[in-house]
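Asks: Provided below are the primary sequence and the corresponding predicted coordinates.
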Amino acid sequence: MKVLILCTGNSCRSQMAHGFLKSFDERLEVESAGTEASGKLNPKAVEVMKEIGIDISHHTSDPVEKYLYDEWDYVITVCGGANENCPAFPGKVKHRLHIGFDDPSHATGTPEFIQSEYYRVRDEIKVAFWKFYNESIRR
């Protein structure tokens, strides 16, 4: 089973979703990419995932073009920008889904509030991708 998770910058939400899916089932082939990949991981995303035992620090932030000609069981967008700008895949895509989340890197306010947004989004991603995994992959 091959899953590609798309976000705009591929630094935060898609990386967390990638980490969760691999933690649910190591046999899955999971990649993440960005429609405008930043080339780096969001350090707060790495931090909040590490706190729950999932190390995404070795992930890379890659452009979606790297994966366009591959075959995918699922291509999942996790932000509105990637959903609206998702390119056509000349490779075969069996299922195209959108499971959207707020971008915690856009949060403003106190450091505590900003940190709480990373936790909130991380936990929402976990719940949504656990549901996706159980209903669509694990069956």
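Replies: Cool, the structure landed. Residues are numbered from 1 along each chain as shown.
Asks: ok, residues contacting the lengthiest helix in the chain?
Replies: Criterion DSSP state H: the longest helix present in the chain is helix 111-132. Contacts to helix 111-132, defined as CB atoms under 8 Å, 6 or more residues apart in numbering, come from residues 12-13, 16-17, 20-21, 24, 44-45, 47-49, 52, 76, 78, 97, 99, 101-104, 107-108. Using the backbone N, CA and C atoms, a C-beta is placed for each residue, glycine as well.
Asks: so which strand or helix has H95?
Replies: strand 93-98 (DSSP states H and E).
Asks: List phi and psi for the most far-flung residue of the chain relative to its centre.
Replies: Distance from the centre of the chain peaks at T110, with 25.6 Å (CA atoms, centre = their mean). Main-chain torsions, T110, degrees, to the nearest 10: phi -70, psi 160.
Asks: And stretch 124-137, what's buried?
Replies: E124, I125, K126, A128, F129, F132, Y133, I137 (16 or more other CB atoms under 10 Å).
Asks: Dump those to TSV, plus pLDDT and distance to L4.
Replies: Shown next, in TSV, are the buried residues of stretch 124-137 (pLDDT from 0 to 100; distance: CB to CB, whole Å):
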residue	pLDDT	distance to L4
E124	98	20
I125	98	16
K126	98	19
A128	98	16
F129	98	13
F132	97	13
Y133	97	15
I137	93	14
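Asks: just the residues you listed now: which is nearest G39?
Replies: Proximity of the buried residues of stretch 124-137 to G39 (CB to CB) peaks at I125, which lies at 21.5 Å.
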